[in-house]
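**Q** Here is my input, please return the structure:
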Amino acid sequence: MLVVILLLLGAPFATALVSLRAPAAVAQAVTAITGVGSFGLVLALIPAATHRDLNYLSYLRIDAVSAVFLLATSFLYAAVAVYSVGYLARSRASDADFSRYARRFYAGLNLFAWTMLAAPMMSNLALLWIAVEVTTVVSALLVAIEDTDGAAEAAWKYILIASAGLGLALLATIFAYYAGAQVLGEHYNLSFTALLQAGPRLPHTPVRLAFVLAVLGFGTKMGLFPVHTWLPDAHSEAPTPVSALLSGSLLAVSFYAILRYYQVATAALGPRFPRDVLLVFGIASLLLAALYLLDQRDVKRLLAYSSVEHMGILAIGVSFGAPIALAGVLLHVLAHAAAKGNAFMGAGVLVRKFGSKRIAGIGGGLDLLPWSGPLFGIAVLALCAMPPFGIFRSEFEIVEGGFGASANAPAAVLIVLVTVAFLGLSVAANRMLLMPRDRSPGALSRGEPSAWMVVPVVAGVAVLLVLGIHPPADLTGLLARAVHQLGAVT
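**A** All right, here's what the predicted structure looks like:
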């Protein structure tokens with residue numbers, strides 16, 4: 001397994017270095033191969049992670065919880081790596097500086113994926129904070145890569161807000177170290193295993209402070225209210241493959257960091273306090289997102305607020321604490337990665353076809369895009385938790401867990417707000433796919449911009465169907481072990 005892990009860490013980083021120097025065609029081919037290969041490497045880790053924790057070199061640790069998030073990131077990495085071949089194809093003819101742009105794009109894309117694959121492998125809270133901090137630097141450069149005023153402003157706003165949030169997360173790391181030092185001595189290394197074993201003996205006050213600061217700090221990157229404000233701008237201005245990774249993977253990695261603090265807080269304080277904190281942030285985030293989804297004019301901002309909605313659902317699901325709710329949360333991480341990746345990739349085709357991100361400027365997509373139009377509609381239905389897709393299954397499990405844990409009011413609120421979000425998403429999707437545009441600048445030919453932009457979306461639909469209808473036995477076993485590690489109680 002060590003060889004697999006080292007390949008998983010080394011291949012994206014090496015590909016990023018190659019992309020900086022190689023011709024654009026080589027960079028895109030190597031990126032596609034590395035993305036698909038990384039997904040295969042993560043799949044190879046699943047059987048081992050289902051039965052035991054993988055600890056190597058004192059700073060690498062993969063357990064079942066880590067493996068779930070690696071699976072989400074690696075799938076999206078593979079999908080956007082293939083999608084990018086078609087996404088950049090038009091630039092080859094229209095951009096005189098295409099080769100330089102492509103090299104920077106592929107280098108950044110691979111480096112971004114590398115940071116998000118590295119974060120869940122870190123064995124202690126300090127290294128986890130460093131890994132998440134590196135994701136900020138790399139992703140901010142990718143947000144600004146289009147070199148427009150809007151992209152620069154979005155990247156600057158992202159850097160300011162995310163840096164403030166990660167400052168709070170650093171303070172959370174310091175408080176966690178202080179709490180552990182009272183029991184383990186000053187020379188321990190903030191490892192998860194040591195903190196969890198010492199949990200019942202940790203002083204309560206610094207653990208409470210560490211958890212609240214972690215939710216605020218990493219919640220900034222996750223997109224929780226009220227520290228979500230960077231997210232719509234960054235998602236709207238970033239290149240489509242980057243938006244897909246930001247929404248489906250980066251937010252999930254930040255949620256992973258919160259889960260690690262949740263484990264420590266539950267071991268030290270019991271489940272009530274951390275669950276109450278997550279419930280407050282989750283409901284506030286879901287409420288804000290549901291209302292904003294009712295009145296969006298930009299398709300990528302629409303999907304960005306949908307991401308805030310789903311991060312709120314994850315937080316609420318953890319707050320229920322029931323085993324089936326936690327299983328639903330972890331399944332939701334995977335299903336959201338596939339569905340939101342599909343939605344952003346489909347939106348990228350719509351924007352490419354109609355030359356506009358404005359919802360009013362897009363119309364008749366179902367007719368003009370014989371593949372991408374229906375696939376985008378399917379992605380929106382999946383995000384709205386329609387059966388038989390994976391998000392329906394995950395949200396059903398979360399709600400069932402809420403009612404089973406006697407959290408009837410929060411579960412009912414969750415159902416109502418998800419329904420409101422469904423209305424906003426479905427109205428916008430119908431407008432773009434079925435209704436004519438407000439303006440008619442000229443007739444558009446029927447057809448897809450590139451087959452490369454269709455294939456990964458078809459794969460995403462297949463994943464959503466598998467997750468919704470019958471998850472594989474290995475995945476079910478992995479989720480069961482992860483639920484146990486998160487300390488579910490009946």
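
**Q** quick one, what contacts the residue nearest to Ala181 when sequence neighbours are not counted?
**A** Nearest residue to Ala181, sequence neighbours excluded (CB to CB, 6 or more residues apart in numbering): Tyr188, at 7.0 Å. Heads up, the C-betas are built off the backbone N, CA and C, glycines and all. Residues near Tyr188 by CB atoms under 8 Å, 6 or more residues apart in numbering: Gly180, Ala181, Ala194.

**Q** residues contacting the first one?
**A** Applying CB under 8 Å, 6+ apart, we find Gly180 in contact with Tyr188, Leu190, Ala194, Leu195, Ala198, Leu202.

**Q** hmm, back to that, from the contacts of Tyr188, which single one is nearest Ala337?
**A** Nearest to Ala337 among these is Ala194, at 30.5 Å by CB to CB.

**Q** Confirm for me that the closest one is in contact with Gly185.
**A** No - judged on CB atoms under 8 Å, Ala194 makes no contact with Gly185 at a distance of 10.2 Å.

**Q** higher neighbour count, those two?
**A** Ala194 (16 against 8; other CB atoms under 10 Å).

**Q** measure that one to Gly180 for me?
**A** Going from Ala194 to Gly180 by CB to CB, to the nearest Å gives 7 Å.

**Q** And the next helix or strand past the helix or strand where Arg352 lies?
**A** Element membership of Arg352 [criterion: DSSP states H and E] is helix 323-354. Using DSSP H and E, the next helix or strand after helix 323-354 towards the C-terminus is helix 365-368.

**Q** Can you show me the CA trace of that following helix as CSV?
**A** Extracted as CSV, the C-alpha positions of helix 365-368 are listed here (Å, rounded to 0.1, in the frame of the first residue of the first chain):
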residue,chain,number,x,y,z
GLY,A,365,-30.2,24.1,-24.5
LEU,A,366,-32.1,20.8,-24.6
ASP,A,367,-32.5,21.2,-28.4
LEU,A,368,-29.2,22.8,-29.3
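
**Q** buried set for it?
**A** Within helix 365-368, the residues that qualify as buried are Gly365, Leu366, Leu368, counting by 16 or more other CB atoms under 10 Å.

**Q** residues in contact with the nearest residue to His336 once chain neighbours are set aside?
**A** In space, and not counting its chain neighbours, His336 is closest to His310: 5.0 Å by CB to CB, 6+ apart. Listed by CB under 8 Å, 6+ apart, the contact set of His310 reads His332, His336, Lys340, Leu383.

**Q** hang on, the earlier thing: any chance of the buried residues of helix 365-368 in JSON lines with pLDDT and distance to Tyr292 as columns?
**A** Below are the buried residues of helix 365-368 laid out as JSON lines (pLDDT from 0 to 100; distance: CB to CB, whole Å):
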{"residue": "Gly365", "pLDDT": "87", "distance to Tyr292": "23"}
{"residue": "Leu366", "pLDDT": "88", "distance to Tyr292": "25"}
{"residue": "Leu368", "pLDDT": "89", "distance to Tyr292": "28"}
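
**Q** so Tyr106 sits right up against Ser84, yeah?
**A** Yes - look at Tyr106 against Ser84 with CB under 8 Å: they come within range, at 7.4 Å.
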